[in-house]
Structures are given as C-alpha cells and as structure tokens.
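Engineer: need a structure here:
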Amino acid sequence: MVKRAQTSPSVGRPREFELDDAVRKAMDVFWDRGYHDASLPDLLEGMDLSRGSFYKAFIDKRGVYLRALDAYIEDAIRTVGETLRSNPSPKAAIREAFSQQVHFSSGKEGLRGCFVVLAAVEMLPGDEEVSARISRLFRRLQDLYAATIIRAQAAGEIDSGLDERALARFLVCQIQGMRVLGKAGAGREETRAMIDLALKALG
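Structural biologist: As a prediction, this is how the structure comes out:
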C-alpha cells in the first residue's frame, strides 16, 4: 500500500486521499478496457495524474491495477457485511443482500459486469497475485454468509441440519452466476426470478 507522502506537495506526489480517488478512477479504466488493453495514456487521462505523479505513487501499471482490485474487493466485503448485519432477521438480511444484486446484474450495470469476474477471466490462471486476491474475496464472502446462516439457524429461520458452509458457497456461486448472466443481457425480472429460486435452498 502506498504510504502517506512525507514530502512537500510541490514534489508532485498526490496526497493519500488523492491517491484513493485516483485508484477508483483507474478502476473504471481497467473495468472498461481490461488490464492488457488499458494503456498508460488511458490511465493518466482517466486518473487525472501526470506521468511523474503516476510513477511516484504506483511504480507501474500493475501496481495501480492491484490497488484497484483491492479497493473493489474491500468495497464488496464492506457492502455485503453491512447488509447482512442490517436486519434483525438473518434470513431476511440474506434476501436483501441478494436483492441488491438485481441492480448490478441487469440493465446497463449488468452489461458492465463484475470487475472481479472480468479480472478472473482475463488474468487467471497465470497470475498468482490476482488469483490469491480473488480466492480471498470468495472465502471472505463465504465466511460472511456462513456466519449469517448460523445466526438464522439459531433463530429457527433455516434448518439447523443444513451445512452452513455448503449453503454459503452455493449462495456466492449464485451471485457470481447472476453477474455473468447480467453481462449477457439478463433482464431485471429474470434476475429476480433467479433470486427467488436460489433462496428456496434456505428453506
């Protein structure tokens, strides 16, 4: 991670909050073009950085790509975690987390696809660093869902005889499948129907 600059702003290195903003702008460039097709001029324009500031902050294109992937992953984990803790009913919270995916799995957002899925298709299996990040994301998502399922079982909302880890893996796979179908043009009603079917597995 890039540390907070200790030098004067006149040196040309962006402040930490500017770096975070630049990383998210870079994410949009990579999201639209992919890693290999995103050129340095594309990134400099999209990030509003000079060439010198870019190299001082990120070293190279790969450095900013990994930062962008990390930012996306942390956003996803935070959003899902907050949603799963937002409802007194754990089972209802799971439905809410799935319902949020309707927006991202249909229409214009659906066609854009999931940044992590696109990264997996483009970079795996050959890139070990990207592979480790994506694997860690899916494990953390499964942990969040498994913990919520356990709470739902304790509340009598989900059959306690069901394997929480297997259910969690199933739910994460369903979400990623929805994102892929969204990339292929799935409609909003079609996506809602998939959610209803997937959640029947919870009983």
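Engineer: Name the residues of the one helix or strand in the chain whose mean pLDDT sits lowest that are buried.
Structural biologist: Within the chain, no helix or strand scores below helix 188-199, which has a mean of 88 by mean pLDDT, DSSP states H and E. Using 16 or more other CB atoms under 10 Å as the test for burial, helix 188-199 gives 191-192, 194-195, 198-199. (C-beta placed from N, C-alpha, C; glycine too.)
Engineer: Run through who's touching that helix.
Structural biologist: The contact list for helix 188-199 (CB atoms under 8 Å, 6 or more residues apart in numbering) reads 94-95, 98-99, 101-102, 105-107, 110, 170-171, 174, 177-178, 181-182, 186.
Engineer: Return it as CSV; C-alpha atoms alone will do.
Structural biologist: Written as CSV, here are the backbone C-alpha positions of helix 188-199 (Å, rounded to 0.1, in the frame of the first residue of the first chain):
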residue,chain,number,x,y,z
ARG,A,188,-34.4,-7.4,-14.1
GLU,A,189,-37.4,-9.7,-13.8
GLU,A,190,-35.3,-12.7,-14.9
THR,A,191,-32.8,-11.8,-12.3
ARG,A,192,-35.4,-11.5,-9.5
ALA,A,193,-36.7,-15.0,-10.5
MET,A,194,-33.2,-16.4,-10.1
ILE,A,195,-33.0,-14.9,-6.6
ASP,A,196,-36.3,-16.4,-5.6
LEU,A,197,-35.2,-19.8,-6.8
ALA,A,198,-31.8,-19.6,-5.1
LEU,A,199,-33.2,-18.6,-1.8
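Engineer: ok, back up a step: format the buried residues of helix 188-199 as a markdown table; extra columns: distance to residue 24.
Structural biologist: Output for the buried residues of helix 188-199, formatted as a markdown table (distance: CB to CB, whole Å):
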| residue | distance to residue 24 |
| --- | --- |
| 191 | 26 |
| 192 | 29 |
| 194 | 29 |
| 195 | 28 |
| 198 | 30 |
| 199 | 32 |
